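Asks: Quick one: sequence and predicted model below, then my questions.
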Amino acid sequence: MLRRCPLGPPGPQPLRRALPPAAAAVRRRLREVSARRGLRGGARGPAAGAAVRVCRPRRQAGGAAGGREGSRLCLQCAARIPEAGAVLDLLEQCPEHQRKGSFPVVVLEGLDATGKTTVTQSVKDTLNGILLRSPPACISQWRTIFDDEPAPIKRAFYAAGNYILASEIAKASTQAPVIVDRYWHSTAAYAVATEVDGKVQDLPPAHDEVYQWPEDLLKPDLVLLLTVDPEERVQRLQRRGLEKTKEEAELEANTLFRQRYTFLWNKRMEAVLAPVGSVANVPLTLPGQGIPKSKLLGWVVFGKD
Ligand SMILES: Nc1ncnc2c1ncn2[C@@H]1O[C@H](COP(=O)(O)OP(=O)(O)OP(=O)(O)O)[C@@H](O)[C@H]1O
Ligand SMILES: Nc1ccn([C@@H]2O[C@H](COP(=O)(O)O)[C@@H](O)[C@H]2O)c(=O)n1
């Protein structure tokens, strides 16, 4: 049966609800949804499912997933998600303070189809490195479940994934160079674009704390932000021929969301990358068709420290 979601007190920072700033906040959220009061013991069943569905954010003009209010309602009313307990267990096994090994850690970031998979694979082969991706393999079996949940729950899943990935990075970087396909910036860009309604001018300014790298999350040595011309990106998606993801469908259908998301990647994330390591905004063509392979790999020279 459909029920109304009670309105709770306004949260302190709506964006922070969507983008947990630290592991403790991620754990709290996962704990909440893994042991939702009133539905205890009930695994995902029809009644619980109905409760979640009612509380899903309404799609609004200009807002990909209903914006701030939608997120608040959803958090209060979401049904129990047993898989959140499994993610939480894995997160709790990770040491609180992750330390990098002596090998370099390079992250490749960017919108879908900008070439992350292609480049990470190539760099990994060339450097004989270890390739990791976010969300990490140990939780990716639950991805489709969380992708279907309201924004704050979905984001908690990806944020947890980043911390779990951090412990994998810490271990792997004691053995070889580590190449990572997506990390914190992916979580941040999508959370902010989803949570803010309206135009790019309504996005938090560049110095806003929402763009700050979480203090307790292991930092890579280098983050490369890949960009391609928007038309080229769409062509690549079409050529790839995979089924369109929900996110891509949203980007295509919702002009304001598309503008916010691409602005965040192209203008804000670049600013956020700077304190982490070097920044490269790299329009890539396939090696041999423009930027020669050696030059591409030249960017991944680990000069830091
Ligand atoms: N430099 C390039 N020039 C031309 N085409 C490319 C280039 N890099 C990748 N492609 C093609 O674009 C498509 C997307 O590439 P890829 O899967 O590497 O992107 P991605 O950023 O990892 O995407 P996603 O985030 O959706 O997984 C693929 O079909 C790939 O062959
Ligand atoms: N650290 C991450 C990684 C991914 N996401 C979300 O997944 C979307 C894309 O995933 P791909 O399988 O295409 O790489 C991405 O746009 C985010 O919504 C994330 O939030 N955080």
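Replies: Here it is on my side, so go on. Ligands and ions are numbered 1, 2, ... in the order given.
Asks: Just confirm residue 179 is within a helix.
Replies: No. Counting by DSSP: H, G, I helix; E, B strand; the rest coil, one finds residue 179 to be strand, located in no helix.
Asks: Can you give me the neighbour number for it?
Replies: 29 (other Cβ atoms under 10 Å). From N, CA and C alone the C-beta is placed, and that goes for glycine too.
Asks: what's next to stretch 85-103, contact-wise?
Replies: 23, 26-27, 30-31, 34-35, 129, 138-139, 142, 157, 160-161, 163-164, 166-167, 169-178, 216-219, 221 (Cβ atoms under 8 Å, 6 or more residues apart in numbering).
Asks: And residue 25, how far from residue 214?
Replies: Look at residue 25 and residue 214: by Cβ to Cβ, to the nearest Å, they are 9 Å apart.
Asks: higher neighbour count, these two?
Replies: Neighbour tally, residue 25 and residue 214, criterion other Cβ under 10 Å: the higher count belongs to residue 214, 21 against 16.
Asks: Let me know whether the more buried one touches residue 184 as I believe.
Replies: Yes. Counting by Cβ atoms under 8 Å, residue 214 does reach residue 184; the two are 6.9 Å apart.
Asks: So residue 106, which state does it fall into?
Replies: strand.
Asks: list the contacts for it?
Replies: Residue 106 neighbours (Cβ under 8 Å, 6+ apart): 123, 177-180, 220-224, 300, 302.
Asks: Now, of those residues, which are buried?
Replies: 123, 177-180, 220-224, 300 (16 or more other Cβ atoms under 10 Å).
Asks: what pLDDT does residue 100 get?
Replies: Listed pLDDT for residue 100 reads 91.
Asks: ignore the last one, residue 204
Replies: For residue 204, pLDDT reads 88.
Asks: can you check the one 3 residues further on too?
Replies: In the predicted model, residue 207 carries a pLDDT score of 82.
Asks: For burial, what's the neighbour tally of it?
Replies: 8.
Asks: Would you mind giving the secondary structure of it?
Replies: Applying three-state DSSP: residue 207 is coil.
Asks: With the one 10 residues further on instead?
Replies: With three-state DSSP as the basis, residue 217 sits in coil.
Asks: Now do the contacts for it.
Replies: Counted by Cβ under 8 Å, 6+ apart, residue 217 has contacts 23, 98, 162-163, 166, 184.
Asks: Most neighbours of all those, which one?
Replies: Result: residue 166 is most packed of the contacts of residue 217 (other Cβ under 10 Å), 30 neighbours.
Asks: pretty sure that one is touching residue 218, no?
Replies: Yes. Between residue 166 and residue 218 there is a contact under Cβ under 8 Å: 4.0 Å.
Asks: At the contact with ligand 2, which residues of the stretch 151-300 of the chain appear?
Replies: 158, 161-162, 182-183, 186-187, 190, 247 (Cβ under 6 Å from any ligand atom).
Asks: what do you get if the cut-off is 5 Å, keeping everything else the same?
Replies: Within the stretch 151-300 of the chain, the positions near ligand 2 by Cβ under 5 Å from any ligand atom are 158, 182, 186-187, 190.
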